[in-house]
Structure formats: structure tokens, C-alpha cells
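Visitor: Here is a sequence together with a model predicted from it:
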Amino acid sequence: MRVEQVEAFVKTAEHGSFAKAAMAMGMQRSTVSAAVSSLEDELAIHLFERSGNSLQITPVGQSLLADSQRLLQSATRIKQLSTQHLEGIESELRIARDDALPEVFWHQCMHDLHTAFPQTSTSVYLLPTQEHQEFIDSGIVDISFGVNHTVDPAFRLGMIEQRTVVSPTHPLANLAQVTESDLSQYTQICLTFLQRGQLVVQNQIGRQYSGLTMYELIRDAVLRGDGWAILPSTLTQPYLSQQQLVSLATETALSATFFQCLSRQANQKAATWLKNRVADALTHELKAG
């Protein structure tokens, strides 16, 4: 039993005639008819009742149709996976990322990735960038994306500005110039991450702080008026434009923050596609900001 015979049977059953099946398959009618007849001979059953130009699937043919369709799907998948391997497309891509780029971007990005590489399975792990290197080195993930202060130039996708922001109702919002002493009097909402088994608080200035592991959680806490924070401009710009957040004029310049990509299989196609897509989005976000 060959796949071509099963396909001829399935297409004939779906279209109701050899002629229509042949047209759908781009073959001669006689070739399709011969393939079905050959399959019937091999199985020693009749798949169709033939009467002149009329063609009717038999009860036994009907009972075999669903399994035959599944067989074709499996055969197609085997061919696709083989082609994928030969073309250097990953069967699996494990991704770590932070949330410095908006979630709406990541939702569309992953949808487009699955459309471009339908046979590539993906998993996404959301965690602070400071933890990415360990996950890459240990082989837990294949590629990672996020913002970091210290990045090897070879891994930089771009630079992201930072903003010191508060809610318009926060007392700091009323100050024309804000000093570190002013900031230290109020709760700071900080990024928290694991480092050598210990929780580390990033950019802590005062003694009062609330540590969170995601930028969006930090931004939401600031929107509620729970404190002030230093955040990537990619997450604050829309809220600044809508006057839901206020950018503070501080006496201390913020250090540069880079968007990085670490990878274990940078030359494979799905990983390369994703890296390029993120780089394009980052350029767009920075221009919009």
C-alpha cells in the first residue's frame, strides 16, 4: 500500500468522482482510477461502487476513510519534518525573554513565527534578563531577549532609554527637579532577580522598596501610585503621552540600557527569524518613543 494510492482514494471520496479528484491532484483521470483499483486489489475489497459515470463509496470504504485521511496527514508531516531538518529549521525553539517590549508585540510575533515555521514547537519562559545567561549556559533555553546594563557589544540589538516615572498624583510629580534625597523618601518599585541563589534588587536608591520580577508589574504598581520606578521607555511612552505617568527630572543621569540577544543556535532559521523580528520591532519602538 503506497501513499499515492491512499491519496487517490481519499481525494476521490472527498470529491465524489475520479475526474474531480484528478483535477484536484493535477493528474490524469486514468492515473487516479488505476491507483484506486490497485489499492482495492491489494486490500481485496471494493472501496467504491461504479455504475456508468456514477461513483458511490462503499460502507467498508467509508469505514476506512478517516484512518486513510490520518495516514495522509502523518505522511505529509513526515515529509515536512524531513524537509525542515534538511533546511536547517529547528524542530523546537525554547525562548527566554523579559517584558521590556509590549506584550502586544510578542503576541503577534509568536503568531507570525508559528505561521512562518509551522513545524517548529516553541516554549517561552518569562524572567528577568539577568537570569538569562544561566539558562543559556545550562541549555534550558536556546535564545533569549531582554534589557541589561552590561552587554557584550556582539549581543546588542539596540539601546533603550530609561525613564524615572511616577503617577501624576504622587508627591514627587509636583517637584520641578528631583534629587536622590527626594527619591529616597518614597517607596521605589524595583526589578528583582536571582543571582547566585540570592534575590538582588536593581538600581535601589533608598531603603524603602518593593521588588517585582516583571517590568509590567512595576509599571502597574507605579500607575496605582504605590511608588516611583526606573522603567524602559518602551513600556512608559504611551502612558506618558496619555498623562497617566509623569517623567521626573532627576539630577542623576541614568546609565545606558541595552537590548540584548543571547543564543545557542543563532544560525538556525527560526532563531534568526525571531532575532531579526525583535530587532525590527526594537527600532520601531525607539523611533516611536
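Guide: It's in.
Visitor: Tell me which residues of the host helix or strand of residue 108 come out buried.
Guide: Using DSSP states H and E, residue 108 sits in helix 103-116. For helix 103-116, burial by neighbour count (16 or more other CB atoms under 10 Å) applies to 105-106, 109, 113. To be clear about C-beta, it is placed using only N, CA and C from the backbone, and glycine gets the same treatment.
Visitor: cool, stretch 17-34 as well?
Guide: Buried, per 16+ other CB under 10 Å, within stretch 17-34: 17-22, 25, 27, 32-33.
Visitor: And those, which is closest to residue 152?
Guide: Nearest to residue 152, judged by CB to CB, of the buried residues of stretch 17-34 is residue 25 at 53.6 Å.
Visitor: Residue 11 is in contact with that closest one, correct?
Guide: Yes - between residue 25 and residue 11 there is a contact under CB atoms under 8 Å: 5.6 Å.
Visitor: circling back: farthest-separated two in the buried residues of stretch 17-34?
Guide: Greatest spatial distance in the buried residues of stretch 17-34: 17 and 27, 13.4 Å, computed using CB to CB.
Visitor: hang on, residue 4 is in a strand, isn't it?
Guide: No - Residue 4: not assigned to a strand; according to DSSP: H, G, I helix; E, B strand; the rest coil it is helix.
Visitor: OK, contacts around it?
Guide: Contacts for residue 4 (CB atoms under 8 Å, 6 or more residues apart in numbering) come out as residue 35.
Visitor: Which residue ranges of the stretch 151-289 of the chain form helices?
Guide: Using DSSP state H, counting those that start in this stretch, the helices found in the stretch 151-289 of the chain span residues 180-184, 215-223, 233-241, 269-288.
Visitor: Make TSV out of those helices and add mean pLDDT and distance to residue 198.
Guide: Below are these laid out as TSV (pLDDT from 0 to 100; distance: least, CB to CB, whole Å):
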stretch	mean pLDDT	distance to residue 198
helix 180-184	93	23
helix 215-223	96	20
helix 233-241	92	26
helix 269-288	81	30
